[in-house]
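Peer 1: this one's sequence-less:
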DNA sequence: TTGCGCGCTAAAGGTAACCTTTACCAAATG
DNA sequence: CATTTGGTAAAGGTTACCTTTAGCGCGCAA
């Protein structure tokens, strides 16, 4: 008895039957439909017999394959259990370096759910977390601005303030609403093109005659938002960072959401050592993409021209 | 649930555990031990954990792997059943073109056993057999003489005659034994360098003064051997073609077997479309190599200098 | 101890398997 | 009839894989 050859062909075949179309199988296998067809064809050529009847509506194993089908499916089911077992056992560390504000206000709150689902994955974000920093490149790097990587989502800047402030200015003349109230700034907004600040906002929407660059400066967004919640003033903040605060009403945006500035750059994700990413990291990346596209949808729906406010 | 990756690594791992050494696993997989090590290492790197403890005397799965081992073995056992089923079901035709004499007197008698073991494999040898000739190159081509391919065995020419003839000349002077008795020739021996004939034999061993090129000429060896059995005369014949006749005593070789001429060329096997040979053809080739090396051994033992006759 | 054999490993390099891309076709669907 | 959906064909690039070669460490015998 000689060892099994054409493992990938058998896998493609099994997946095609399981999924019903080559296209779906391709999706599961992470390759193109053409490749799935090629894999199966290769095995058919090798054996000199057809194995799969390709119909437009569904696939069907030929009589040849029928007799082997049970073993085929049993085999790959067992192997999938193997991978699951091996992955599950593995305690994995994921090291991330990211924009501090984004990490603190977007990533960390969402991460809780992932960590509960994967208790065997430990994190180190910007040098702290479950495990200490190790030497070398981080597994993941999230940056804002021009640079390499894959875009996650594009943020949207708009003014936010505390709920009391909103009530206080509710009956003021819109043109004057913000006059006299303190503007809060982030350090990152100081003279950096990529981070829209009050200067850009007033340029675009008017509403304040002077001093858009004056006010209180905060080192990071968490502190600034703390101040906002206590009605210290107005902050021009990336929407993604305050989605939850807006939801709970801890802070509010006093103007229509259409009065916003789209971030000139998206958040970018760089994956270190792109080929050969460990399965746990793959899981995390997949989750991150999901979360990012959720956020993207939320931002888009909130700032869509036809649904202001 | 994402599809299983590193199939080949898992296969190597399973085989290594099954066989006990990387070397043995490599043999089963048809690759080098280094490759097996690499496959397993690749998976270990991917998972970030060791899977196999390599010891000088035997391999051992690590604790990580222990839990997945049952599924791993079950998986590949099932897949091996798949290949067996698929191969078995397949009715395959093997088309062979070969030296006519060799095909008729060496291959065909031996083929019977193979055909019984593999009733689903049909043959077409030199245009006739179970199935009619098809267009295109034959799967296998057996040639004699210089040419491409893989050597099967090198034949050995020596005189044969019928048992009665042997008795008749037994008490003659060896130098004169063959004088006056007819020499039988094959058409292929006529002026072809590659096929040693009586001329070459007498050049080398004397024993006849004149006319080594005279006698009866036969179109093919089967007819000539028929005549030999009926004591018509002496034939200089490839040993491989008459091994069975010598065994049964239907024909004999009147001189010590050391009085032979080694064929200047071996029989050569060319495999068409070398990569992508169908499994049935692989089985047949493996069998053919076995048979050929059997024959080689028989020829060598019969013609060895220390065991003449 | 030294020398040797055996099995695993490391590094380098070549090749073929594999995948993607692009374009096309045929059936199903509106 | 136009469009969409799913499969196929051909071409081309790259990467995974394998072989080769050399080396290491251990066990065993002299």
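Peer 2: Perfect, thanks for sending it. Here the structure is a predicted model, which means the values were calculated and not measured.

Peer 1: do a quick rundown of the strands in chain A.
Peer 2: A:52-54, A:59-61, A:92-98, A:121-125, A:128-129, A:140-144, A:150-160, A:183-186, A:216-218, A:234-238, A:261-271 (DSSP state E).

Peer 1: note down every partner strand of the fifth one and its orientation.
Peer 2: Same thing as strand A:128-129. strand A:121-125 (antiparallel) (DSSP bridges).

Peer 1: what sits up against the partner strand?
Peer 2: Strand A:121-125 is contacted by residues A:91-98, A:103, A:107-108, A:111, A:114-115, A:129-134, A:280, A:283-284 when judged by CB atoms under 8 Å, 6 or more residues apart in numbering or on different chains. C-beta coordinates here come from the backbone N, C-alpha and C atoms, glycine included.

Peer 1: tell me what angle it forms with strand A:140-144.
Peer 2: Interaxial angle of strand A:121-125 relative to strand A:140-144 (axes from the mean of the first three to the mean of the last three CA atoms, to 10 degrees): 40 degrees.

Peer 1: now do the buried residues in stretch A:243-259.
Peer 2: Neighbour-count burial for stretch A:243-259 flags A:243, A:245, A:246, A:251, A:252, A:253, A:254, A:255, A:257, A:259 (criterion: 16 or more other CB atoms under 10 Å in any protein chain shown).

Peer 1: oh, that last question was meant for stretch A:20-37, not what I typed.
Peer 2: Neighbour-count burial for stretch A:20-37 [16+ other CB under 10 Å]: A:21-22, A:24-29, A:31, A:33, A:35-37.

Peer 1: and stretch A:266-277, by the same measure?
Peer 2: Neighbour-count burial for stretch A:266-277 [16+ other CB under 10 Å]: A:266, A:267, A:268, A:269, A:270, A:277.

Peer 1: end to end, how far does it reach?
Peer 2: 24 Å (CA to CA, to the nearest Å).

Peer 1: hmm, residue A:225 is touching residue A:236, no?
Peer 2: No - using CB atoms under 8 Å, residue A:225 is not in contact with residue A:236; the gap is 11.9 Å.

Peer 1: which neighbours do these two share?
Peer 2: Joint contacts of residue A:225 and residue A:236 (CB under 8 Å, 6+ apart) are residue A:160.

Peer 1: so residue A:88 sits right up against residue A:117, yeah?
Peer 2: No - here residue A:88 lies out of contact with residue A:117, judged by CB under 8 Å, at a distance of 11.7 Å.

Peer 1: which one's more surrounded, those two?
Peer 2: Neighbours were counted for residue A:88 and for residue A:117 using other CB atoms under 10 Å in any protein chain shown; residue A:88 has more, 13 against 10.

Peer 1: flag the shaky bits of the stretch 201-309 of chain A, pLDDT-wise.
Peer 2: By pLDDT under 70, the weakly predicted segments of the stretch 201-309 of chain A are A:207-214, A:274-276, A:305-309.

Peer 1: same thing with the stretch 1-150 of chain A?
Peer 2: Ranges of the stretch 1-150 of chain A meeting pLDDT under 70: A:1.

Peer 1: for it, which residues are neighbours of DNA strand D?
Peer 2: Within the stretch 1-150 of chain A, the positions adjacent to DNA strand D are A:21, A:22, A:23, A:33, A:34, A:37, A:41, A:54, A:56, A:59 by CB under 7 Å from any atom of the strand.

Peer 1: 6 Å instead, please
Peer 2: Contact residues, the stretch 1-150 of chain A versus DNA strand D (CB under 6 Å from any atom of the strand): A:21, A:22, A:23, A:33, A:34, A:37, A:54, A:56, A:59.

Peer 1: residue A:260 and chain B: what is the separation?
Peer 2: 38 Å (CB to the nearest CB, to the nearest Å).

Peer 1: next one: residue A:78 relative to DNA strand D, how far apart?
Peer 2: With distances taken as CB to the nearest atom of the strand, to the nearest Å, residue A:78 is found 19 Å from DNA strand D.

Peer 1: burial check on that residue, number of neighbours?
Peer 2: By other CB under 10 Å, 21 other residues sit near residue A:78.

Peer 1: isn't it right up against residue B:74?
Peer 2: Yes - look at residue A:78 against residue B:74 with CB under 8 Å: they come within range, at 4.5 Å.

Peer 1: what residue lies at the spatial centre of chain A?
Peer 2: For chain A, residue A:292 is the residue whose C-alpha lies nearest the centre (CA atoms, centre = their mean; 2.6 Å).

Peer 1: any idea how far the spatially closest residue to that one that is not a sequence neighbour lies from residue A:158?
Peer 2: Spatial nearest neighbour of residue A:292, excluding adjacent residues (CB to CB, 6 or more residues apart in numbering or on different chains): residue A:152 at 3.9 Å. Noted for residue A:152: a distance of 19 Å to residue A:158, by CB to CB, to the nearest Å.

Peer 1: the two: which has the busier surroundings?
Peer 2: More crowded of residue A:152 and residue A:158, by other CB under 10 Å: residue A:158, with 25 against 22.

Peer 1: could you find the closest non-adjacent residue to the more buried one?
Peer 2: residue A:260 (4.1 Å).

Peer 1: burial of that neighbour, as a residue count?
Peer 2: 24.

Peer 1: can you check residue A:154 too?
Peer 2: 17.

Peer 1: now the one 5 residues further on
Peer 2: Residues lying near residue A:159 (other CB under 10 Å) number 24.

Peer 1: partners of it in the sheet?
Peer 2: Taking DSSP bridges, one finds residue A:236 as the beta-bridge partners of residue A:159.

Peer 1: again, but for residue A:270
Peer 2: residue A:141.

Peer 1: so who does it touch?
Peer 2: Contacts of residue A:270 by CB under 8 Å, 6+ apart are A:140, A:141, A:142, A:143, A:147, A:148, A:149, A:150.

Peer 1: let's go with 6 Å and repeat that
Peer 2: A:141, A:148, A:149 (CB atoms under 6 Å, 6 or more residues apart in numbering or on different chains).

Peer 1: just give the nearest non-adjacent residue to the closest residue to DNA strand D within the stretch 101-250 of chain A, would you?
Peer 2: Nearest residue of the stretch 101-250 of chain A to DNA strand D, counting by CB to the nearest atom of the strand: residue A:148, 15.6 Å away. Spatially, and ignoring its direct neighbours in sequence, residue A:148 is nearest to residue A:270 (5.8 Å; CB to CB, 6+ apart).

Peer 1: any idea how far residue A:161 is from that neighbour?
Peer 2: Distance from residue A:270 to residue A:161, by CB to CB: 35 Å.

Peer 1: surely residue A:114 meets residue A:287?
Peer 2: Yes - the pair residue A:114 / residue A:287 is scored as a contact, 5.4 Å apart, by CB atoms under 6 Å.

Peer 1: how about the helices in the stretch 151-300 of chain A?
Peer 2: Applying DSSP state H, counting those that start in this stretch to the stretch 151-300 of chain A gives helices spanning A:163-169, A:198-205, A:221-229, A:243-248, A:279-303.
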